[in-house]
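In: fold the following for me, if possible:
(2 chains)
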Amino acid sequence: MTTTNTLPLIKGVKNAPLEEYFTSGHRTCQGCESALVMKLMVKAAGPRTIVLGSTGCMYVANTTYYSTPWVVPWMHTQLGSSGSAATGTAAGLKALMRKGKIKDEPINVISFCGDGGGIDMGLSAISASLTHMEYNHLVLCYDNESYANTDIQASGGSPWGVNTTFTPPGKLHRIMNKRWKKNMAAMMAVGHPGVRYIATGCGSYAVDLMNKIRKALELGGPSFIHTYDPCPKGWDYDPMYSHELGMLGVETGIWVQYEIIDGELSLNGPSRMIERGRRKRKPVYDFLKRQGRYAHFNDEDVDYYQAKVDEMWEKWWLPGILPIRPEEGLQPTHNLKNE
Amino acid sequence: MTTSLKVLEREELISGSEAIAIACAMADVDVITAYPIRPYDTVMQFVSKLIADGTLQCEYIIAESEHSQFEIVKHASAVGARVFSGSSGVGWFYAFEALAVTCGLRLPVVAMVGNRALDDPGAFGCEHNDALAVRDLGWMLRWVDTAQEAMDAAFTAWRVAEDPRVYLPCAISTDGAFLTHSQQIVQVPDQRLVDEYLPAYDRGDFVLHPDNPITIAPQVNEDWLMEIRRQTDAAMRRARDVIIEAHDELKRIFGRGGDDPFIEEYMTEYADVVLIGMGSLSLPLKVTVRRLREQGRKVGFVRIKWFRPFPDIEIRAALSKFKAVGIIDRDYSLGSPDNGGVLYTEVRSSMYDADTRVPIVGFIAGLGGREVTVPSVIEMFDEVQKVADTGNIEQHLIWIGLRD
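Out: Got it, this is the predicted structure:
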């Protein structure tokens, strides 16, 4: 399995493939953006794909015995095992193809995890899977910012101050979640320099997301995509606003859309416009006020949240991506070579 | 095949770990995952050398934890690859979740457990609590006592585990240090004999592949879990016959394997008292039995080779002949009935419906790799003899070789 499938980029929504490989048979909530990510993921990947799904809503709500939405082969994996499932499946296929035990052909391997399974428990296995360069696979982390299947508990992907069942506001402590969201995709990129493709995405930008899936699979080797998925149940809003909230997350600068191909970073969509100064970030209040999970926020909390997002865009070395600053006089390597 | 075995074997001085590594090469294993922990890791050191030298062709993945080790081979097995992994002590426990789900998924993962005491406090030596911890889940558990048996058991493990009537994982327990690090003479069979004994792994309709787009392990809840557990139970029951078939074939092709697939009886003819144990204990046991027999004492030894499926039929048939028996546990089960070890409890349970319910005494010995010496074996025989003579069990469970 040294070759990958050829997956040309989709130019506009009208040119998206009509075939669906994630169809009826699931029972996800109305307005579930993670289910949309699943649908776009396999729509982009096509029929020669194996999907591995770690425990989470996209396991429990999608696949109930005697029914399945998956047209492509699908297998459950454990909560912290999305990385290992990808490696094991790709390695098994490679061994069998190399020895002539099965037909040698490109097969996409995609393993998905939620933020709990990926950003918390599965972090070490995903990291390991991104070091085995000889296997082609994609790990996709669909991030709805809580253990949304279990009962909306805080994860390492939950934002600061958020109301979850493990971090409820109370009489003494208004803010129970004092942790800031982990910077997952950038952490994967910085920590695994050989990886050819790493990106963030959002179901609100469907064509962009499908093309990112295609690039990851076609470039080969291990790859990683982190998606930002509004969740009506966990974020507490009317399901009809899922798409809009995804866009607001990007437009306020809380979520940054980017991709890194062979080490080269580019921002996409509104994030790119913001970075180039062609568009102003919307105030985070526009995003926060739309969701029940932030209903306990007072003005001070909103200001703090805004200040943290401002910091991401104004103080970080790379906006929203690299949260470190060079000391005075420290030059990038390419500048050093020029001297 | 009728060629003389002598022509088709070569003798090598190797450890149990090296014997299993060679078996991996001869079985043409497709995916192997390694992670360091003593003492099992010696098998992976030999595996990596065989790969480096081109003797073994496989995908060799150095995982970042035991959990990933067993998750990776689990998924490779689902696409139809023959797999091997292993661990020891707390490493095996770190993989516990993966070990549990492998049974429910009915995937024929073969593992070597280099039996080791569990932390804390740290100890490298042999104890059986690591492998025994999975005894309720659907793992077939095999205990070996020589490097030769380790190699033969590995071939049998793939053969039985990958049989479509079974499709269950199998762990080969090799006592830490005694088998993982000590060398013995091993008859390494010719590749043609192995090929005759071990058919290719065929996942059939259950293979995960775009040409066979199935959904594996959806959520079942109370609707179906009981039926699925019962299917796994049925597979474990069927494993008995498949093990017997494999044993007969092993004898025919390799000329080895002993009289019974499940237990080994050593000098039990006309014996009044016998001791029962697993693994490398058999060496001091056999030496002591021979010495005591020379002195005219009617003693014997029974070694249990398969712990899962448990040889209850064989145990009932064998033990009913004796006046009293002692079970040696290189493990513990704190708070269990009469504070006995795991093997003690299982043997005693097997004997409940026996026509002759022989008195049973339990011993805990050799924990943490402490040597079970000839004098301590004599002490155990003396205790069992007392029970045989008086018909009275004063103490159900005795710890042997303890400091005062």
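In: the bottom helix or strand of the chain by mean pLDDT?
Out: Picked chain A for this. For chain A, counting by mean pLDDT, DSSP states H and E, helix A:333-338 ranks last in confidence among helices and strands (a mean of 66).
In: same question, chain B
Out: Across helices and strands of chain B (mean pLDDT, DSSP H and E), lowest is strand B:9-15: a mean of 93.
In: and stretch A:157-171, which residues are buried?
Out: The neighbour-count check on stretch A:157-171 (16 or more other C-beta atoms under 10 Å in any protein chain shown) flags A:G157, A:S158, A:P159, A:G161, A:V162, A:N163, A:T164, A:F166, A:T167, A:P169 as buried. Bear in mind the C-beta positions are built from the backbone N, C-alpha and C, glycine included.
In: just these that are near chain B?
Out: Among the buried residues of stretch A:157-171, not one lies near chain B by C-beta under 8 Å from any C-beta of the partner chain.
In: closest to A:G234 among the residues you listed?
Out: Comparing the buried residues of stretch A:157-171 against A:G234 with C-beta to C-beta places A:T164 closest, at 7.5 Å.
In: okay, the closest residue in space to that closest one that isn't next to it in sequence: pLDDT?
Out: In space, and not counting its chain neighbours, A:T164 is closest to A:A154: 4.4 Å by C-beta to C-beta, 6 or more residues apart in numbering or on different chains. Looking at A:A154, its pLDDT is 97.
In: could you report the separation of A:A154 from chain B?
Out: The gap separating A:A154 from chain B is 22 Å, by C-beta to the nearest C-beta, to the nearest Å.
In: ok, now which ones touch that residue?
Out: Counting by C-beta atoms under 8 Å, 6 or more residues apart in numbering or on different chains, A:A154 makes contact with A:S146, A:Y147, A:V162, A:T164, A:F166, A:T167, A:N177, A:R179.
In: change it to 7 Å
Out: Counting by C-beta atoms under 7 Å, 6 or more residues apart in numbering or on different chains, A:A154 touches A:S146, A:V162, A:T164, A:F166, A:T167, A:N177.
In: TSV for those, including secondary structure and pLDDT?
Out: Listed next are those as TSV, based on DSSP: H, G, I helix; E, B strand; the rest coil; pLDDT from 0 to 100:
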residue	secondary structure	pLDDT
A:S146	coil	96
A:V162	coil	98
A:T164	strand	98
A:F166	coil	97
A:T167	strand	98
A:N177	coil	97
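In: just give me the closest of these to B:P337.
Out: Looking across these and measuring by C-beta to C-beta, the closest to B:P337 is A:F166, at 40.1 Å.
In: mind listing the helices for the stretch 51-200 of chain A?
Out: In the stretch 51-200 of chain A, helices defined by DSSP state H, counting those that start in this stretch lie at A:57-60, A:82-98, A:115, A:123-129, A:184-191, listed in chain order.
In: of the ones you listed, which approaches A:K212 most closely?
Out: Per C-beta to C-beta, nearest to A:K212 of those: helix A:184-191, 10.9 Å.
In: got the contact list for that closest one?
Out: A:I119, A:S127, A:L130, A:C141, A:I198, A:A199, A:T200, A:F224, A:H226, A:I260, A:I321, A:L322.
In: for the least confident helix or strand of chain B, name the packing helices and strands.
Out: strand B:183-189 (3 or more C-beta pairs under 7 Å, 6 or more residues apart in numbering or on different chains; DSSP states H and E).
In: can you give me the buried ones in the strand it packs on?
Out: Quick answer for strand B:183-189 (16+ other C-beta under 10 Å): B:Q184, B:V186, B:Q187, B:V188, B:P189.
In: which member of the residues you listed is positioned nearest B:R106?
Out: Nearest member of the buried residues of strand B:183-189 to B:R106, counting by C-beta to C-beta, is B:P189, at 29.1 Å.
In: was I right about the closest one contacting B:I253?
Out: No: counting by C-beta atoms under 7 Å, B:P189 stays clear of B:I253, with 8.1 Å between them.
In: pass me the low-pLDDT residue ranges in chain B, would you?
Out: The model of chain B has pLDDT under 70 over residues B:1-8.
In: domains for it, by residue range?
Out: B:9-254, B:263-399 (automatic domain parsing).
In: export the ones you listed to JSON lines and append columns for distance to A:K39.
Out: Below are the domains of chain B laid out as JSON lines (distance: least, C-beta to C-beta, whole Å):
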{"stretch": "domain B:9-254", "distance to A:K39": "16"}
{"stretch": "domain B:263-399", "distance to A:K39": "43"}
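In: among those domains, which is the most enclosed?
Out: domain B:9-254 (a mean of 21; mean count of other C-beta atoms under 10 Å in any protein chain shown).
In: and the helices in chain B?
Out: B:16-26, B:42-52, B:66-78, B:89-94, B:96-104, B:129-132, B:147-161, B:191-197, B:221-254, B:282-294, B:312-319, B:342-350, B:374-390 (DSSP state H).
In: among those helices, which comes closest to B:E59?
Out: Among the helices of chain B, the nearest to B:E59 by C-beta to C-beta is helix B:66-78 (7.4 Å).
In: counting by contacts, list what that closest one packs against.
Out: Checking 3+ C-beta pairs under 7 Å, 6+ apart, helix B:66-78 ends up next to strand A:74-77, helix A:82-98, strand B:31-34, strand B:83-87, helix B:89-94, helix B:96-104.
In: the fourth one packs against which elements?
Out: If I follow you right, that is strand B:83-87. Contacts defined by 3+ C-beta pairs under 7 Å, 6+ apart place strand B:83-87 against strand B:31-34, helix B:66-78, strand B:110-115.
In: outside of the shortest one, which residues touch it?
Out: In other words, strand B:31-34. Contacts for strand B:31-34 (C-beta under 7 Å, 6+ apart): A:91-92, A:95, B:24, B:44, B:47, B:58-63, B:69, B:72-73, B:76, B:81, B:83-85.
In: likewise for the second one?
Out: Outside helix B:66-78, the residues that touch it by C-beta under 7 Å, 6+ apart are A:52, A:75, A:77-78, A:80-81, A:84-85, A:87-89, A:91-92, A:125, A:128, B:30-31, B:33, B:35, B:61, B:63, B:83, B:85, B:87, B:91-92, B:94-95, B:97-99, B:102, B:105, B:107-109, B:208, B:216.
In: quick one: distance of that helix to the chain centre.
Out: Counting by C-alpha atoms, centre = their mean, to the nearest Å, helix B:66-78 is centred 20 Å from the centre of its parent chain.
In: next: the first one.
Out: Between the mean C-alpha location of strand B:31-34 and the chain-wide mean there is a distance of 20 Å, by C-alpha atoms, centre = their mean.
In: so what strands line up beside that strand?
Out: Counting by DSSP bridges, the strands paired with strand B:31-34 are strand B:59-62 (parallel), strand B:83-87 (parallel).
In: next, format these as TSV and append distance to B:D223.
Out: Formatted as TSV, those follow (distance: least, C-beta to C-beta, whole Å):
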stretch	distance to B:D223
strand B:59-62	36
strand B:83-87	31
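In: now A:V195, nearest residue through space, not along the chain?
Out: Distance criterion C-beta to C-beta, 6+ apart; nearest residue to A:V195, sequence neighbours excluded, is A:L130 at 5.2 Å.
In: how many neighbours does A:S54 have?
Out: 29 (other C-beta atoms under 10 Å in any protein chain shown).
In: show me what contacts it?
Out: A:T77, A:Q78, A:L79, A:S81, A:S82, A:A85, A:F112, A:C113, A:G117, A:G122.
In: bridging residues for it?
Out: In beta-bridge terms (that is, DSSP bridges), A:S54 pairs with A:T77.
In: what about A:Q153, neighbour count?
Out: 16.
In: quick check: beta-bridge partners of A:Q153?
Out: A:Y147.
In: identify the bridge partners of whatever residue of the stretch 251-400 of chain B ends up closest to chain A.
Out: Nearest residue of the stretch 251-400 of chain B to chain A: B:R308, at 22.5 Å (C-beta to the nearest C-beta). Per DSSP bridges, the residues bridged to B:R308 are B:L141.
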